[in-house]
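>>> no FASTA, just this:
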């Protein structure tokens, strides 16, 4: 695994030119923040993640989290990195200033998170889940609950978890059985078994705050009867310090394909002291608050793990010499980075990671605008935009994470299949992201059944109109942009026709059968849109600047090699459900 | 992992209707074989692989091959299965009758190998490599060498290996340094270090016959100076029995992403007794004899691992209940196999595996025709066809193996990421196949630089003409086939234009930059061609037969959902090399 080089320049470029950071900083809510401070913080975060966190990635995979005697221990390297993470206050950058946070825009927090995940995805999941717990308590906790938990979570002295899944209740939470009984003092006691709890137990902090979905005795069936509870690993004494061990225990951890440094726990609750968040039977509604943020951050994992795999592949390809290149007069073999097919793979990685970064940062900036823009109209539009793009960034970026880490492994040849190289770890780590936080299939369903129909299709059409509006500046930008312009136009036509096809469907199964290809089509075209915008920003100064010139060429590469893929997807995105069900279920799988 | 159900019916259907088994059996070389015998053998092989080999797959992964004290030990379960494999004579089905083989067509051998690989890919690599050694010795061994080694290898009493790679010499064998010194008696002694030797040491047989590429002292540099040697683990006594330990030692095995049951060895040779095969400096030429067969068999791994992953996914999806389907009046949750997006994934797997099977068997049957057809013209055409398709089946099927095992894992949701389920093992095992036996990038280079230009493009054009000739029968087959027909026509147009574009290139870098997308385009269109042929065979009787009806629907699914992908690839396959190199190497990878 090569040394991690934080891509600060592309991060900054994207924050300014895609996320509109300059505009965000004009908002009153960010009056205490300025661009120079952000630059300084990003530099410092780059140093921290590269020097402190990134070196823990391999050892986290090989040692892994270990379960013994009812407790999880994490690699020693994680302890040291965690202490420095807490001391430097990295978890607090975008937290609420009232509870120890620094109140920076979410999109700046996302940029720092990107570098954290790239450095060590397994490690980064702990602050990520903690962030979801913070988000829930900020929005729905009582003042007492905020006072008790928020500052400790924001400063990462404690961590938080999301406790939803049960063996029979994964994608469908309506069948959750964990029960909460109300005590006379208004608190509850919870009993049941939960699985797949990320960082559900560990030895990095003195307390862990579980946010648990459970069913009260008198609630309606299905998801409408779920309530949300705080269940601390240690209940608090009168000073708010951890005191007594609560009735929640880790009974095992999973043996997983990847993210070995991140313990995935089975948690057993037995009359655990629990504190209701919000009202009874509001659990699912409250969960949706953190779900958008969590889905954007899982999408971020697709970008981050691809970035690391890409950097490793470039380093390997520059170093490994095999064969001669055409017309090469030099002595000896060429570095494989000079072979066309290897360079092609690296360019796919470069173009796709930069497209993902732009899409993710744009979506996160919409979160900031939705929350903090001074005028309501801007807030409403931004909220719709974020809602539309969230399933796309979650699924498109995590599918790409799998594809690009696979390409990076391929660049390594035989060495890529050997664990010591580290390429295989990225490939294994990346594979979880299309699954958790709503499978990518569910993201597709969310996109076609909830997001595309928003405002009668108005939200998606307004996004497509922005893509269309790029046609004129691309035309004015000269001959160099011709192929990109034509292919973006064709891609948009494919996406528009699929969108109108979806909006015109009567049978919801048609949309469900089209969901995943439609989402892929959406992401592919949107990726071209973002890179084209970046290229237009870069082109003015690109002659004198090789970095900006590379930015333009990367967009043109995407435009001619990746964006045309849209034409290949539109068929599957507009074919209806009949063909999907034409073969009976009992004729599938080894028949005959 | 579900029980493996050998897909005998589809294997038989493909042998008859695509591979033309009936015609092959008319050849004098196969006068001793009849169709009923083959049916019986396939049934028996199905039983053997499902009952004896398949149950060893998980334990092979979890126990793995172990290296200690200079030797490799394999899981106990492998010993039992291996003894039964040898006793039943499964390795000998397509071997030379003069040396203990049964002289069946290669394509029948391939069908049995498919079931072996599907049952346990790691285990199957041992007979596969042995088969390559057999092929080399059959073609190039002296009579003495054949007498000494062939029967023991064909009956699998001993196994064989291919010993090519060195740390600095992977894709580029020209830099091999292992040296062979000639002894006075005409034998040689070999010294050097070789890596990535599949089943290079193990405890299943009493001897291992290494086929080693090494450099003699007076040869020319590069690949032209390589010679091929037999290096037995134990040299033979006058009775041909293993006697003295030779100077070849396993010094370590690799810690790999997958195929844990297959030891990947570092072999150290120190004055090892070695016997020249053929003449000095002919090593590479001789190697090409086995390379086509080996590449087809690695392509087979893509099919086989996909088949197993697909069967497991179907079993899981039929069993796992989550959520309701549209309009479902039944009580409780539906099996996820009834959800459109899950069914879509399963149909992609079904259609793609059947397309791979057809392409692979067609290519293997071409091997039989090339070797045994009574007339020279048929042999020549078949040899060209096999040469054209070999890189396509190797790369297209193994890329699909990665993609489809990933889909199968996705169908499992969170359970897919847990190793116990077995879905992750398929995903890990499948990932080696695009790398070894010539990376898929090298297959693309072989296709565009050697195969497409054969006979001035005549060989590829004649294949494309066969696809075109299907247009008329598809038209006559009725309205049901309309979309498949149109999309096959469009796909063929894309493939033809890319082919002519390639043939017209002056700059070889254009072909090299286009190689991988071109190969993918070729495979995608050819897959539609084979499934369309199968559908036409099936359609006559499909009304009364649900299995044949499913065959037709599977082709139509491919035609509307997968085949249109060709339109999305043709851009990348015809874009030239300039865009690939437009960004300087030093601007790649974490710059900034």
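Received, thanks. None of these values were measured; they are calculated from a predicted model.

>>> Around chain B, which positions in the stretch 151-300 of chain A sit nearby?
A:165, A:168, A:170-172, A:174-175, A:195-196, A:254-258 (Cβ under 8 Å from any Cβ of the partner chain). Backbone N, C-alpha and C define where each C-beta goes, glycine included.

>>> quick one, strands of chain A?
A:66-68, A:71-73, A:159-163, A:179-182, A:188-198, A:208-216, A:226-232, A:234-236, A:242-245, A:248-253, A:264-277 (DSSP state E).

>>> circling back: which of the residues of the stretch 151-300 of chain A next to chain B lies at the shortest distance from residue B:125?
residue A:257 (21.6 Å; Cβ to Cβ).

>>> dump the residue contacts of that closest one.
A:428, A:431, A:432, B:417, B:418, B:419, B:424, B:427, B:428 (Cβ atoms under 8 Å, 6 or more residues apart in numbering or on different chains).

>>> Write the PyMOL selection for whichever of those residues are buried.
PyMOL command restricting the contacts of residue A:257 to the buried ones, with burial defined by 16 or more other Cβ atoms under 10 Å in any protein chain shown:
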select buried, (chain A and resi 428+431+432) or (chain B and resi 417+418+419+424+427+428)
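
>>> could I get the contacts of residue A:257 as JSON lines with distance to residue A:401 and pLDDT?
Shown next, in JSON lines, are these (distance: Cβ to Cβ, whole Å; pLDDT from 0 to 100):
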{"residue": "A:428", "distance to residue A:401": "11", "pLDDT": "98"}
{"residue": "A:431", "distance to residue A:401": "8", "pLDDT": "98"}
{"residue": "A:432", "distance to residue A:401": "10", "pLDDT": "98"}
{"residue": "B:417", "distance to residue A:401": "14", "pLDDT": "98"}
{"residue": "B:418", "distance to residue A:401": "19", "pLDDT": "97"}
{"residue": "B:419", "distance to residue A:401": "20", "pLDDT": "97"}
{"residue": "B:424", "distance to residue A:401": "16", "pLDDT": "98"}
{"residue": "B:427", "distance to residue A:401": "14", "pLDDT": "98"}
{"residue": "B:428", "distance to residue A:401": "17", "pLDDT": "98"}
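
>>> Next, format the contacts of residue A:257 as TSV and append distance to residue A:68.
As requested, the contacts of residue A:257 are arranged in TSV below (distance: Cβ to Cβ, whole Å):
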residue	distance to residue A:68
A:428	23
A:431	26
A:432	24
B:417	22
B:418	19
B:419	19
B:424	23
B:427	28
B:428	26
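
>>> returning to that earlier point: filter the residues of the stretch 151-300 of chain A next to chain B to the buried ones?
The neighbour-count test (16+ other Cβ under 10 Å) marks A:165, A:170, A:171, A:172, A:174, A:175, A:195, A:196, A:254, A:256, A:257, A:258 as buried among these.

>>> Among the residues you listed, give me the pair with the biggest separation.
Largest pairwise distance in these, by Cβ to Cβ, is 29.4 Å, between A:174 and A:258.

>>> any chance you could map the helices in the stretch 51-200 of chain A?
All helices of the stretch 51-200 of chain A, identified by DSSP state H, counting those that start in this stretch, fall at A:57-63, A:76-88, A:106-119, A:121-140, A:143-145, A:151-154.

>>> Kindly report the same for the stretch 351-500 of chain A.
A:376-411, A:423-430, A:440-446, A:458-469, A:471-476, A:482-503.

>>> Quick check: which of those helices is buried the most?
Greatest average neighbour count among the helices of the stretch 351-500 of chain A goes to helix A:423-430 (a mean of 28), per mean count of other Cβ atoms under 10 Å in any protein chain shown.

>>> What is that helix packed up against?
With contacts defined as 3 or more Cβ pairs under 8 Å, 6 or more residues apart in numbering or on different chains; DSSP states H and E, the packing partners of helix A:423-430 are helix A:57-63, helix A:283-319, helix A:376-411.

>>> Looking at the ones you listed, spot the one closest to residue A:265.
Here helix A:57-63 is closest among the helices and strands packed on helix A:423-430 (Cβ to Cβ), at 16.4 Å.

>>> Distance check, residue A:452 against chain B.
15 Å (Cβ to the nearest Cβ, to the nearest Å).

>>> who's in contact with the nearest residue to that residue once chain neighbours are set aside?
In space, and not counting its chain neighbours, residue A:452 is closest to residue A:460: 5.1 Å by Cβ to Cβ, 6 or more residues apart in numbering or on different chains. For residue A:460, the contact set (Cβ under 8 Å, 6+ apart) comprises A:388, A:451, A:452, A:454, A:499.

>>> repeat that for 10 Å
By Cβ atoms under 10 Å, 6 or more residues apart in numbering or on different chains, the contact set of residue A:460 is A:384, A:388, A:447, A:451-454, A:495-496, A:499-500, A:502-503, A:522.

>>> could I get these as a markdown table with pLDDT?
Output for the contacts of residue A:460, formatted as a markdown table (pLDDT from 0 to 100):
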| residue | pLDDT |
| --- | --- |
| A:384 | 98 |
| A:388 | 98 |
| A:447 | 98 |
| A:451 | 98 |
| A:452 | 98 |
| A:453 | 98 |
| A:454 | 98 |
| A:495 | 98 |
| A:496 | 98 |
| A:499 | 98 |
| A:500 | 98 |
| A:502 | 98 |
| A:503 | 98 |
| A:522 | 98 |
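
>>> before we move on, back to that, among the residues of the stretch 151-300 of chain A next to chain B, find me the one that's closest to residue B:332.
When these are compared against residue B:332 (criterion: Cβ to Cβ), the nearest one is residue A:175, at 8.9 Å.

>>> Might you name the residue of the stretch 51-200 of chain A sitting closest to chain B?
residue A:172 (4.3 Å; Cβ to the nearest Cβ).

>>> you'd agree that residue is up against residue A:438?
No. In this structure, residue A:172 is not within contact of residue A:438 by Cβ atoms under 10 Å, at 11.5 Å.

>>> Please identify the nearest residue in space to residue A:95, excluding sequence neighbours.
Spatial nearest neighbour of residue A:95, excluding adjacent residues (Cβ to Cβ, 6+ apart): residue A:101 at 2.3 Å.

>>> Next, count neighbours for that neighbour.
21 (other Cβ atoms under 10 Å in any protein chain shown).

>>> Could I get the contacting residues of it?
Per Cβ under 10 Å, 6+ apart, neighbours of residue A:101: A:89, A:91-95, A:109, A:134, A:138, A:150-151, A:154-155.

>>> let's see 8 Å
A:92, A:93, A:94, A:95, A:154.

>>> what's the answer for residue A:53, then?
Per Cβ under 8 Å, 6+ apart, neighbours of residue A:53: A:81, A:85, A:116, A:119, A:120, A:123, A:124.

>>> I'd like the distance between the nearest residue in space to residue A:59 that is not next to it in sequence and residue B:309.
Distances taken as Cβ to Cβ, 6+ apart place residue A:77 nearest to residue A:59, at 5.0 Å, with adjacent residues excluded. Distance of residue A:77 to residue B:309, given as Cβ to Cβ, to the nearest Å: 35 Å.

>>> same question, residue A:433
From residue A:433 to residue B:309 the distance is 20 Å (Cβ to Cβ).

>>> Same question for residue A:278.
Distance from residue A:278 to residue B:309, by Cβ to Cβ: 43 Å.

>>> What of residue A:548?
Counting by Cβ to Cβ, the gap from residue A:548 to residue B:309 is 44 Å.

>>> Just want to know which of those two has more residues nearby.
Ranked by neighbour count (other Cβ under 10 Å), residue A:548 and residue B:309 place residue B:309 first, with 31 against 20.

>>> list the contacts for the closest residue to chain B within chain A?
The minimum distance from chain A to chain B, using Cβ to the nearest Cβ, falls at residue A:568 (2.1 Å). By Cβ under 8 Å, 6+ apart, residue A:568 lies in contact with B:564, B:565, B:566, B:567, B:568, B:569.
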